[in-house]
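Trainee: here is my input, please return the structure:
(chains A and B)
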Amino acid sequence: MNWNAWIPLLVVASSLLPGLIIFRLPEERVRTRITLNLIGAFLKLVLVGWMLWGVYQGQHFETRLALLPDLDLVLRAGPLSLIFVSLSTVLWLVTTVYAIGYLENSPHRSRFFGFFSLCVTATVGIALSGNLITFLIFYELLTLSTYPLIVHRGTEEARRAGQTYLAYTIFGGALLLLATVWLYTLTGSLEFTPRGFIHGLGEEHRTALIIIFALFITGFGVKAALVPLHGWLPQAMIAPAPVSALLHAVAVVKAGAFGIIRVVYDVFGIESAAELGVMSPLAWLAAVTIIYGSLRALFQNDLKRRLAFSTISQVSYITLGVAIAGPIATIGGVVHLVHQGIMKITLFFCAGNLAETLGIHKISEMNGVGHRMPWTMAAFTVGALGMIGVPPIAGFVSKWYLGLGALEVGEGWVMFVLAGSSLLNAAYFLPILHRIWFRKQTAAWPHEHNFGNKETAWALLLPPVVTALMALAAGLVASAPFSPLEWAQLIAQREFYQP
Amino acid sequence: MGITFIDFPWAIALILLPLTGGLSCFLWPSVSKILGLVTVIGVMLSATGLGWLVIDKGVYHYLVGGWGAPLGIELYVDGLSLLMLMVTALVALGVSIYSIHYFELSYQRRFWPLWLFLLTALNALFLSADIFNLYVTLELMGLAAVALATLTGSHDAFTAAMRYLLATLLGSLAFLFGVVLLYHSFGSLDIAVLSERFESNITAWAAFGLISAGLVLKTALFPMHFWLPPAHANAPAPVSAVLSALVVKASFYILLRLWLEIFSQLDTDVDILFGFLGSIAIIWGSLQALRQTRIKLLVAYSTVAQVGYLFLAFPLAEKVGVTAWSAAVYLILSHALAKSAMFLAAGNLLRFGGHDRIADLDRVAQRLPITVAAFALAGVSIMGLPPSGGFISKWLLLQSALVQSQWGLVGVMLIGGVLAAAYIFKVLGRAFTQAPLPHEPGVVPATMEWAALLLAGGAILLGFFASEILAIIEIGSPFGAGEVKL
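Mentor: Numbering: from 1, shown residues only, chains lettered A, B, ... in the order given. A predicted model of the protein is given here:
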């Protein structure tokens, strides 16, 4: 029996099954729930590790199940899938630990962790999808499974945020469905292929292809929060901190960005897309989003909202890297998928810790908090500096490759976008760092919890410290084997140089 | 053992079982629950047996009493009728499990005989091979359905049922006239014979008009849908489920059969009219659903919209017949399961809160999680989101529309999907919030919750077995010989 044909399915099932069981667990079975969650997360980690090792040695992992007469449900582990699946798996484990600490004693935990697991299942499914229809199925599953997390608190405000989120994503999903079926009627195939599968189509389909591309970008742009489709993201901040963390770093926003990567590389192919003339509009769209997000972030006093606008800006680095369409920029874009994830999740964990430990939600309340919570704030500092692009943190590596890549293909204007964005990043992060470390505490903490002589609970402290260390490591030893950068190079090589 | 088992006349059992079951419930009302449940399980087993037979050996003919057409009664089962029978049995099982605890004792004795009678009529309808039997079963079904709709005895229910009765009688009457005309000009009632002898003349056209109009009225295609929302919304929950899931589909099934076998020989543009009315039904029904403040009315208007999708298959089938018709049949199946689940879930919410006002739902996601899950899963299929049966049918419909560049229909389908999401999440959003005025919740028995979830789960599972089910649809190639591959 060929085990490799089942591993991708097992990776998906390893969070689906625990999730389904957790739904039916009574609220007070805390221990069982934690055990199930952790077993699922570790199992997934082991399986993904195995696939990484296997693919490195040239093995193939593919699950194929019949869906429609000529279409299969395909889960396949290629280099691009693996970089996203590894990110999701590692950060799921960390976030699960964090969520266990964060939601201690709060109501409806079974429902929360059930949908949380479904959400990760959908993300992993998106990562492993081997064709567009599989991608679409998991993409919609992600929409549906994040909704209950956003409205989790059950307040009127949460309900509104949920409706806004759906209005955007259902609309995006409808466009994706149209684009996918349309493409299928033209090509008769939906299989992700390196360098695309639309070469064979004649000149008479040019207009149709351009519209299909636009539909894809609009559909994915909703989740990737491309301006002007970003409106749902700041509102969705109403969700509990672990949800915001995962939503921003891995699940929703990245699913959109990953969709754009897939469409450009494996559906259209860079050459065909460039020939259609759709790449520079995409690059401009990304550039506008980068600057706009940063500008809006400057004026937010609510910490989570500032981080949300920062996400809008940062995720578009990925799109920008893809749209510049050179090998080095591709490395920068793909590697930023991982780097942004690690850094942003750190920042959100820290914001959650501030809210949970001291009741701090606003930036103006953060004076001197570095002395009260040194570890959390150290992690926050690493994340913030990384976002600005200070070496040797991960964000620097991404920006370096993006800049080099843009120069390589003669798109000098991108340098201005990068520089401007870095300046803006500094302008909205450095004042926070100044408040944290150099100002004195001015007022009592809004709502302080007592954790004895520790700064906060272990389960809350450990995750941001771990992810901050990862962000440092990703920058320091960027060229070590199995580092995100090395995988990104592998992907770029496959897209540009291999026959 | 295989021979005796497979030769058992399952088709006859599908008619006789519910008939005797219904009579027994009438005679011994004190044990009607048990009798009813045993009967429905028997029907489920018979449908499975028949399915085994047809999948194994292909199209199934049965001459009742050994007499064939034109004198005797002939039963005919191909892939299309088989699927209708199976989905009927499945919905019947879910609804019956639900009904055990739904009705009070005095209602039980009225519900079970009527319900099993309705089931008899449905099964016989799907097994019929001639148009007179189709008429008889259609009439029986309509009468049983109206009687069931009055079961609550409320004033609103009576008014609605009266309208329903008039619509259904008018529909059957038109159908009967059409049948008489066909018999008069072509000298047969058997569909297969008619299909050979049929030719275009003035009587044929009149018959076509009468039959189509009657069936369209009974299927509640816009603008003939006026009777449906009040009738479906005011009936008891299990009855609403059966009306929306099965009864409306039965008349569509007849229309589909006759269209394919007989009327396709006429050169008409009625298919375009059907597509047009279907489009309006989708948009209008969805908008009306979105406007409703009560769950049951919302769900009923959603049926009006979903019926519209069925009629989109007519204009699309001209060039890509098999794909378009398969999409319609897939929609019948998934909608039957999803909509019955949705009505049962609505019934639970009504019993729990004492009302079905959407704005006053009170944290039901926490307190009735199974029911809300059933509503949500059924909603996924209704919206046409993956993975679900609704998604498969939407995919196939979109594909057939895009391949012919029918942009108008593409637009309608996409807008319909978005509107469906809007009205379904209108309910689901309130499931998490607290009502302004909290109230003492009623008790909802577990069987009622799980029955709804069972059916909703079926609608989701349909999304995973498309290849198998599409293969069954093709048994006996009800949609004619193959088409040019897309």
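Trainee: can you map out the helices along the stretch 101-250 of chain B?
Mentor: Assigned by DSSP state H, counting those that start in this stretch, the helices in the stretch 101-250 of chain B fall at B:105-127, B:131-149, B:155-186, B:191-197, B:202-219, B:228-234, B:237-242, B:248-261.
Trainee: chain center to the fifth one, what's the gap?
Mentor: Put plainly, it is helix B:202-219. Distance of helix B:202-219 from its chain centroid, counting by CA atoms, centre = their mean, to the nearest Å, is 20 Å.
Trainee: which strands or helices does that helix pack on?
Mentor: The elements that helix B:202-219 packs onto, with contact taken as 3 or more CB pairs under 8 Å, 6 or more residues apart in numbering or on different chains; DSSP states H and E, are helix B:155-186, helix B:248-261. Any C-beta I mention is one placed from the backbone N, CA and C, and that applies to glycine too.
Trainee: what are the buried residues along that helix?
Mentor: B:204, B:207-219 (16 or more other CB atoms under 10 Å in any protein chain shown).
Trainee: and the residue of the stretch 251-400 of chain A found nearest chain B, what does it touch?
Mentor: Of all residues in the stretch 251-400 of chain A, residue A:255 sits closest to chain B, at 14.6 Å by CB to the nearest CB. By CB atoms under 8 Å, 6 or more residues apart in numbering or on different chains, the contact set of residue A:255 is A:122, A:123, A:126, A:139, A:142, A:223.
Trainee: helix, strand or coil: sort out residue A:448 for me.
Mentor: Secondary structure for residue A:448, judged by DSSP: H, G, I helix; E, B strand; the rest coil, is coil.
Trainee: how close does it sit to chain B?
Mentor: Distance, residue A:448 to chain B, using CB to the nearest CB, to the nearest Å: 28 Å.
Trainee: out of the helices and strands packed on helix B:202-219, which gets nearest to chain A?
Mentor: helix B:248-261 (20.7 Å).
Trainee: show the subsequent helix or strand relative to the closest one.
Mentor: helix B:270-291 (DSSP states H and E).
Trainee: for the helix or strand following that following helix, name the packing helices and strands.
Mentor: Per DSSP H and E, helix B:270-291 leads on to helix B:295-316 as the next helix or strand towards the C-terminus. Applying 3+ CB pairs under 8 Å, 6+ apart, we find helix B:295-316 packed against helix B:228-234, helix B:237-242, helix B:248-261, helix B:270-291, helix B:321-353, helix B:389-403, helix B:407-432.
Trainee: deepest-packed of those helices, please.
Mentor: When these are scored by mean count of other CB atoms under 10 Å in any protein chain shown, the highest mean neighbour count falls to helix B:237-242 (a mean of 29).
Trainee: got the residues of chain B near chain A?
Mentor: For chain B, the contact set with chain A under CB under 8 Å from any CB of the partner chain comprises B:363, B:365-366, B:369, B:380, B:383, B:385-387, B:391-392, B:394-396, B:398-399, B:402-403, B:410, B:414, B:417-418, B:421-422, B:425, B:428-430, B:432-434, B:464, B:466-467, B:470, B:486.
Trainee: can we see that at 6 Å?
Mentor: Counting by CB under 6 Å from any CB of the partner chain, the residues of chain B lying close to chain A are B:385-387, B:398-399, B:402-403, B:414, B:417-418, B:421, B:425, B:429, B:432-433, B:466-467.
Trainee: can you report how many residues lie near residue A:202?
Mentor: 6 (other CB atoms under 10 Å in any protein chain shown).
Trainee: OK, contacts around it?
Mentor: Applying CB atoms under 6 Å, 6 or more residues apart in numbering or on different chains, we find residue A:202 in contact with no residue.
Trainee: what of residue A:117?
Mentor: By CB under 6 Å, 6+ apart, the residues touching residue A:117 are A:15, A:18, A:19.
Trainee: could you check how far it is from residue B:472?
Mentor: Here the criterion is CB to CB, to the nearest Å. By it, residue A:117 lies 34 Å from residue B:472.
Trainee: and the contacts of residue A:255 near chain B, which?
Mentor: Among the contacts of residue A:255, no residue is within reach of chain B (CB under 6 Å from any CB).
Trainee: closest to chain B among the residues you listed?
Mentor: Closest to chain B, out of all of those and judged by CB to the nearest CB, is residue A:139, at 8.8 Å.
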